[in-house]
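S.K.: give me the fold of what follows.
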Amino acid sequence: MSELITQRTLQLAAATAVVVLDRLTKTMVDTRMAIYESITVIPGLFDLTYVRNPGGVFGMFRNLDTGPRGLLFTVVPVMAIVLIAAYSLRLPSGRFVTQSSLTLILGGAIGNLYDRFRFGYVIDFLDFHWRNHHWPAFNIADSAICVGVAILIGETILGANHERHAAKDTP
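M.R.: Okay, here's the model as predicted:
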């Protein structure tokens, strides 16, 4: 039982760390940069560019009317947070990789939801590009969500692959 409590405490600390790092970086950008200001970090590759994203990940659905967009980007993340937390609590403690990926997704979702409730948009600032081709700006919360989802997909693919090989080896 104490192992489970330790694991849950570590998960809570990791999700909180994502939220705190996300808030700190967004606050620094918001207080030290003007909207659309860009600071070159690595010429031709990476800038800090302050943008306000009223849409979803990578700006999707930013052109929706305010009402439906607000509903979509508050109700869906709240439901996702509840479902992720519920699933995580029911997941066996030995599923470390799955738990870690869910922790990253949870921390990122909370970080971006905070912005939506407070400002009605998400602060993005990480701007990667190659010459004139820009990836949409994103933030720490987006990064945590994407890494968490990638780990979850990888684990699912590798787990399914492992199960197939184990089934072949069984007489």
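S.K.: ok, residues contacting whatever helix or strand Asp47 lives in?
M.R.: Take DSSP states H and E as the rule and Asp47 turns out to sit in strand 46-53. Residues from elsewhere that reach strand 46-53, judged by C-beta atoms under 8 Å, 6 or more residues apart in numbering: 29-30, 33-41, 59, 62, 119, 121-129, 137. In this view, the C-beta of every residue, glycine as well, is placed from N, C-alpha and C.
S.K.: again, only using 6 Å
M.R.: 29, 33, 35, 37-40, 59, 121-122, 124-125, 127-128, 137 (C-beta atoms under 6 Å, 6 or more residues apart in numbering).
S.K.: that one pairs with which strands?
M.R.: strand 38-42 (antiparallel), strand 122-130 (antiparallel) (DSSP bridges).
S.K.: most tightly surrounded among those?
M.R.: strand 122-130 (a mean of 20; mean count of other C-beta atoms under 10 Å).
S.K.: helix or strand right after that one?
M.R.: By DSSP H and E, the next helix or strand past strand 122-130 is strand 133-134.
S.K.: now that following strand: average pLDDT?
M.R.: Mean pLDDT, strand 133-134: 88.
S.K.: related to what we said a few turns ago, may I see the buried residues of the strand holding Asp47?
M.R.: For strand 46-53, a neighbour-count test (16 or more other C-beta atoms under 10 Å) marks Asp47, Leu48, Thr49, Tyr50, Val51, Arg52, Asn53 as buried.
S.K.: find me the pLDDT at the third one, would you?
M.R.: Going back to what we said before, that points to Thr49. Looking at Thr49, its pLDDT is 97.
S.K.: so who does Phe128 touch?
M.R.: Counting by C-beta under 6 Å, 6+ apart, Phe128 touches Phe46, Trp135.
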